[in-house]
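Q: Fold the following and give me the result.
(one chain, ligands or ions: 1)
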Amino acid sequence: MRKKIVAANWKMNMTQGEAARFVESFLPDIDEINDVDVVIIPPFTAIAKVSEALGRAHNIKVGAQNMYWEKSGAFTGEISAPLLRDLFVHYVVLGHSERRTLFGETDEMVNRKVRAALEAKLRPIVCVGETLDQRDKGNWEKILTIQLRGSLAGLKPKELQDTVIAYEPVWAIGTGRNATPQQAQEAHAFIRKILREMSDDTTADRVRIQYGGSVKPENARELMSQPDIDGALVGGASLDPRSFAQIVKAARQE
Ligand code: PEP
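A: Take a look at the predicted model:
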């Protein structure tokens with residue numbers, strides 16, 4: 001049984017004060033929940049504040065939205081895996097579609113980052129997903145295959161099992177238009193099939209695949225009740241502690 005994982009991608013939002021206030025109002029709402037992995041992914045500038053506000057009592061983990069593959073050195077403006085570890089970061093989002101389209105990240109770059117993250121004992125959340133044009137042309141399976149094979153190239157089964165995949169159809173991100181549960185399930189099952197081809201049955205069955213793209217309290221439960229949907233990567237709706245808490249609760253298997 002795969003444990004659900006629900007993550008809040010705050011993108012370029014939240015000052016330190018706003019982040020601390022979010023945690024303060026979010027924690028009481030999810031106090032009893034330990035059957036879902038919860039990850040908060042602030043901008044770099046609020047990571048330390050979120051860790052501090054969470055304290056040690058909670059099993060909520062902190063993530064980062066990106067990193068560079070080198071460990072240290074003359075790479076002005078970049079952040080490395082060891083620097084993230086130093087902030088008690090456990091997860092790192094890699095290959096988000098905004099990084100791919102706005103900042104020119106390729107599958108090869110994502111792959112270098114994934115390997116560097118795993119080497120530093122960070123768990124990558126690797127994003128894949130097709131554009132509307134690619135879906136309309138019937139190319140989504142081909143695009144997902146290229147992204148998965150490129151971004152995850154060379155990973156050993158154990159490394160794959162430590163990796164989370166986020167299926168995020170680009171046409172559903174920040175648009176208010178989510179994939180239907182059936183469309184999402186079909187894509188997740190396809191992703192698991194590719195993972196099976198890349199590794200073995202046990203590994204493919206253990207990898208968690210999140211859905212991302214306009215997840216809200218209203219659609220979260222139905223999406224996450226699909227057999228191959230193991231959680232959600234949430235953008236807009238994760239900026240409000242109440243709605244993010246509702247999405248976390250929707251992930252529970254009851
Ligand atoms: C995201 O950016 O990962 C995302 C899924 O955003 P939203 O929930 O706002 O569509």
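Q: Every contact and neighbour count from this point should use C-alpha atoms.
A: Will do.
Q: For burial, what's the neighbour tally of Glu119?
A: Other residues lying near Glu119 total 13 when counted by other C-alpha atoms under 10 Å.
Q: Repeat that for Arg2.
A: Arg2 is flanked by 14 other residues according to other C-alpha under 10 Å.
Q: what's the answer for the one 10 residues further on, then?
A: As a burial measure, Met12 scores 11 neighbours (other C-alpha under 10 Å).
Q: cool, Trp69 as well?
A: Neighbours of Trp69 under the rule other C-alpha under 10 Å: 19.
Q: next structured bit after the lengthiest helix in the chain?
A: Across the chain, the longest stretch assigned as helix under DSSP state H is helix 181-198. Scanning forward in sequence from helix 181-198 by DSSP states H and E, the next helix or strand is helix 201-206.
Q: C-alpha coordinates for that following helix, PDB please?
A: The C-alpha coordinates for helix 201-206 follow below in PDB (Å, rounded to 0.1, in the frame of the first residue of the first chain):
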ATOM      1  CA  ASP A 201       7.200  -4.700 -11.000                       C
ATOM      2  CA  THR A 202       8.000  -4.200  -7.300                       C
ATOM      3  CA  THR A 203       9.700  -0.800  -8.000                       C
ATOM      4  CA  ALA A 204       6.900   0.400 -10.200                       C
ATOM      5  CA  ASP A 205       4.300  -0.500  -7.600                       C
ATOM      6  CA  ARG A 206       6.200   1.400  -4.900                       C
END
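Q: If you count neighbours, what's buried in the worst-scoring helix or strand of the chain on mean pLDDT?
A: For the chain, using mean pLDDT, DSSP states H and E, the weakest element among its helices and strands is helix 132-136, scoring a mean of 92. Buried residues in helix 132-136, counted by 16 or more other C-alpha atoms under 10 Å: 134-135.
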